[in-house]
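Peer 1: fold the following.
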Amino acid sequence: MIFYFEGKEIQAQQGQTVGAALLENGVRLLRHTRFDSKPRGMFCGIGVCFDCVLTIDGLSNQRACLIEATEGMKVEGSHP
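Peer 2: Below is the predicted model of the structure:
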């Protein structure tokens, strides 16, 4: 299946999380912090650290490591 990260097509397998699919497709930088613009990506991968929070289909603060990828979903990070 295909979903979109910042407009780029990302291939995902059935049952795969957004975070796992992004990593598999070579995406390491997911967002920047709000105040210092520090880069963030996948860290713990189990929903504890919140480094992977993204906007998924218009809902902010979604943890990419916990959300299952679905066909056509739109995913955005925060970048300066």
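
Peer 1: not counting its neighbours along the chain, what's nearest the one residue sitting closest to the centre of the chain?
Peer 2: In the chain, the C-alpha nearest the mean C-alpha coordinate belongs to residue 64, at 4.4 Å (Cα atoms, centre = their mean). Closest residue to residue 64 in three dimensions, ignoring its sequence neighbours and counting by Cβ to Cβ, 6 or more residues apart in numbering: residue 19, at 3.7 Å. Glycine gets a C-beta too; all of them are placed from N, C-alpha and C.

Peer 1: try residue 43
Peer 2: Once flanking residues are discounted, residue 43 sits nearest to residue 51: 4.2 Å by Cβ to Cβ, 6+ apart.

Peer 1: about what we covered before: the residue nearest to residue 64: what secondary structure?
Peer 2: Taking DSSP: H, G, I helix; E, B strand; the rest coil as the rule, one finds residue 19 in the helix state.

Peer 1: show me the contacts for it.
Peer 2: If you count contacts by Cβ atoms under 8 Å, 6 or more residues apart in numbering, residue 19 has them with 30, 42, 45, 52, 63, 64, 65, 67.

Peer 1: re earlier: doesn't the residue nearest to residue 43 lie inside a helix?
Peer 2: No: looking at residue 51 with three-state DSSP, it is coil, so not inside a helix.

Peer 1: quick one, what contacts it?
Peer 2: 30, 40, 41, 42, 43, 44.

Peer 1: then residue 17?
Peer 2: Taking Cβ under 8 Å, 6+ apart, one finds 64, 65, 66, 67, 68, 69 in contact with residue 17.

Peer 1: cool, residue 58 as well?
Peer 2: residue 74.

Peer 1: rewinding a little: by neighbours, which of the contacts of residue 17 wins?
Peer 2: With neighbours set by other Cβ atoms under 10 Å, the maximum within the contacts of residue 17 is found at residue 64, which has 28 neighbours.

Peer 1: pretty sure that residue contacts residue 54?
Peer 2: Yes: at 5.1 Å, residue 64 counts as touching residue 54 under the criterion of Cβ atoms under 8 Å.

Peer 1: returning to that earlier point: redo the contacts of residue 19 as JSON lines? Include pLDDT and secondary structure.
Peer 2: Shown next, in JSON lines, are the contacts of residue 19 (pLDDT from 0 to 100; DSSP: H, G, I helix; E, B strand; the rest coil):
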{"residue": "30", "pLDDT": "95", "secondary structure": "coil"}
{"residue": "42", "pLDDT": "93", "secondary structure": "coil"}
{"residue": "45", "pLDDT": "92", "secondary structure": "coil"}
{"residue": "52", "pLDDT": "95", "secondary structure": "coil"}
{"residue": "63", "pLDDT": "97", "secondary structure": "strand"}
{"residue": "64", "pLDDT": "97", "secondary structure": "coil"}
{"residue": "65", "pLDDT": "97", "secondary structure": "coil"}
{"residue": "67", "pLDDT": "97", "secondary structure": "coil"}
